[in-house]
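Q: predicted coordinates and the sequence they were generated for:
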Amino acid sequence: MSPRTARRTFVGVVSTAAGISVLAVLLVLAAWRNDHTIESDMGTATAEVLSAGSLRSAVSFVTPDGVTHNPKLGVLYPTHLTAGQRIDVEYARSDPDLVRVAGRDASVAIVPAGSVIVGTWLVAAPILFVLRRRATTEPEENGDTDGS
């Protein structure tokens, strides 16, 4: 691998790892923004869990005005829910599709996001080490063929 190729690959790996890290941080920031929106105009209700998964759980609840809501994106922070379960939820009265499990907040997103960041750099670091080592140990290609 030429030093130029090694440098380009190095930059590509750093860019990819940094991009993944930034996305993980943005995910946590978005969760905090959603929490702020809910807390600034909070309504509470009892919801029925229609389907449950580790990443998305569908719920249905009725607001005080008698309207039944089934948020398209499901409920925020859906871990440890089971279909048919009745749970308390908190929602933004201005946007009832923005709903979370009562008592949970963005802090539950920190560990998964942190794990993604650490895992990404644990994979990237050895690759970067090898690329850096190759770039510094291989002689520069300068077009000389006679060794002078």
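A: Done, it's in. Treat the numbers as computed from the prediction; the structure is a model and nothing was measured.
Q: hey, let's count contacts and neighbours off CA atoms from now on
A: Noted.
Q: got the buried residues for the lengthiest helix in the chain?
A: Longest helix in the chain by number of residues, with DSSP state H as the criterion: helix 3-40. Neighbour counts over helix 3-40 (16 or more other CA atoms under 10 Å) mark 3, 6-7, 9-10, 13-14, 17-18, 20-21, 24-25, 27-28, 31-32, 34-35, 37-38 as buried.
Q: before we move on, what about stretch 53-61?
A: By neighbour count on 16+ other CA under 10 Å, the buried set for stretch 53-61 is Arg56, Ser57, Ala58, Val59, Ser60, Phe61.
Q: how distant is that stretch from the center of its chain?
A: How far stretch 53-61 lies from its chain's middle: 17 Å, per CA atoms, centre = their mean, to the nearest Å.
Q: check stretch 30-47 too.
A: The gap between the average C-alpha position of stretch 30-47 and the chain average comes to 19 Å, counting by CA atoms, centre = their mean.
Q: just the C-alpha atoms of that stretch, please, in CSV.
A: The C-alpha trace of stretch 30-47 is given here as CSV (Å, rounded to 0.1, in the frame of the first residue of the first chain):
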residue,chain,number,x,y,z
ALA,A,30,-32.5,14.7,20.2
ALA,A,31,-33.8,12.6,23.0
TRP,A,32,-33.2,15.5,25.4
ARG,A,33,-34.9,17.9,23.1
ASN,A,34,-37.9,15.6,22.9
ASP,A,35,-37.9,15.4,26.7
HIS,A,36,-37.8,19.2,27.0
THR,A,37,-40.8,19.4,24.6
ILE,A,38,-42.8,16.9,26.6
GLU,A,39,-41.9,18.5,30.0
SER,A,40,-42.8,22.0,28.8
ASP,A,41,-46.4,21.0,28.0
MET,A,42,-46.9,17.7,29.7
GLY,A,43,-50.0,15.6,29.8
THR,A,44,-50.2,12.1,31.3
ALA,A,45,-52.4,9.1,30.5
THR,A,46,-52.6,5.4,30.9
ALA,A,47,-51.7,3.6,27.7
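Q: verify the stated contact: Glu90 with Asp97.
A: No: Glu90 is beyond contact range of Asp97, at 10.5 Å (criterion: CA atoms under 8 Å).
Q: so between these two, which is more surrounded?
A: Glu90 (25 against 16; other CA atoms under 10 Å).
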